[in-house]
Every structure is written in structure tokens, then in C-alpha cells.
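Visitor: predicted model follows, preceded by the sequence.
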Amino acid sequence: MDDPVILTQFNVSKAIRDNILVNFSECGLASLLGSFQVKYVNPITKLCIIKASMEDFQKVWSAITMVRSIGNCLVLFNVLDLSGSIRACKNAALKREEVIFEHYKLAVGARFSADVTQHMDNCLEKIKILEY
């Protein structure tokens, strides 16, 4: 059995770029390279923050909806928020992370560890210091 993939900025970005290449060609991918960036990925809650220019966000959005796997891990992207500023994006992400993490704690119950809490605190700090 294959090991599950730990989601990282690199492999999320690669999956999206590969999908853009397949669906929008090399020209479509080249037009995005200046603005497209995976800014944040939390492997616990699976929340990602993806940056794209106003001109290209629809292309990125359509590409992420077509991504079906990252490595051997089946995925389904859901766009939870679309924002024109990093401040609004950070606020939405922080609220969502807190809700998802509370659900995670309830789901794992007694298996919950201090290491996970520390990792989650580190992830929340990463969101707070995000800049374009």
C-alpha cells in the first residue's frame, strides 16, 4: 500500500500547474506564472490559500476544480472564499481554520496530541504574516 501524500505548497502548486498545462496549454501556463502562487497549505485541515491575478483567477479556479489527485491522494477542491485583498483572505482563512480545527479535535478525541496543537498554532501564525 502506498503512503498517503502529505499536502505541501509544492505538491498542491504542481498539481494545479499540471492541470493548467493540460487544459490551457503551455501558453496558458506561461501567462499565469507571474501571478499564480500557493501561499499556504495546512496538512491537518487541508486548507489552502492560492493567489492569482484578477486577470487569471478564473483560469486558476477552473483548473483547481479539475484536479482529482495529488500524488496517490484523491482530492476535491472547494473554493470557500474569493477575495481581492490579502487582509480579507487572511480573515476568512483564520475563521475557517478555527472551525475546521475544532471539528478535527472532536474527531480524533483521545488521540489528540500537544504536537498537533503546536503545529496548528504555527499554521495560524503563517496565515497572520501572509503578504502579497
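Guide: Nice, I can see it. Residues are numbered from 1 along each chain as shown.
Visitor: tell me where the protein has strands.
Guide: Along the chain, the stretches classed as strands by DSSP state E are 37-41, 48-51, 69-70, 73-74.
Visitor: so which of the ones you listed is nearest His103?
Guide: Within the strands of the chain, the stretch nearest His103 is strand 48-51; the backing value is 17.3 Å (CB to CB). (Glycine included, C-beta is placed from N, CA and C.)
Visitor: still on that earlier bit, let's have the strands of the chain in TSV, adding distance to Ala30 and mean pLDDT.
Guide: Output for these, formatted as TSV (distance: least, CB to CB, whole Å; pLDDT from 0 to 100):
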stretch	distance to Ala30	mean pLDDT
strand 37-41	15	93
strand 48-51	17	92
strand 69-70	23	91
strand 73-74	28	86
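Visitor: which residue sits closest to the residue nearest to the spatial centre of the chain, ignoring its sequence neighbours?
Guide: Central residue of the chain (CA atoms, centre = their mean): Cys48, 1.8 Å from the mean position. Ranked by CB to CB, 6 or more residues apart in numbering and with sequence neighbours excluded, the top spatial neighbour of Cys48 is Val41, at 5.0 Å.
Visitor: tally of neighbours for that neighbour?
Guide: Neighbourhood size, Val41 [other CB atoms under 10 Å]: 21.
Visitor: report the contact partners of the closest residue to Ser62 other than its chain neighbours.
Guide: Nearest residue to Ser62, sequence neighbours excluded (CB to CB, 6+ apart): Asn23, at 7.4 Å. When contacts are counted by CB atoms under 8 Å, 6 or more residues apart in numbering, Asn23 touches Ser62, Ala63, Met66.
Visitor: buried subset of those?
Guide: The neighbour-count test (16 or more other CB atoms under 10 Å) marks Ala63 as buried among these.
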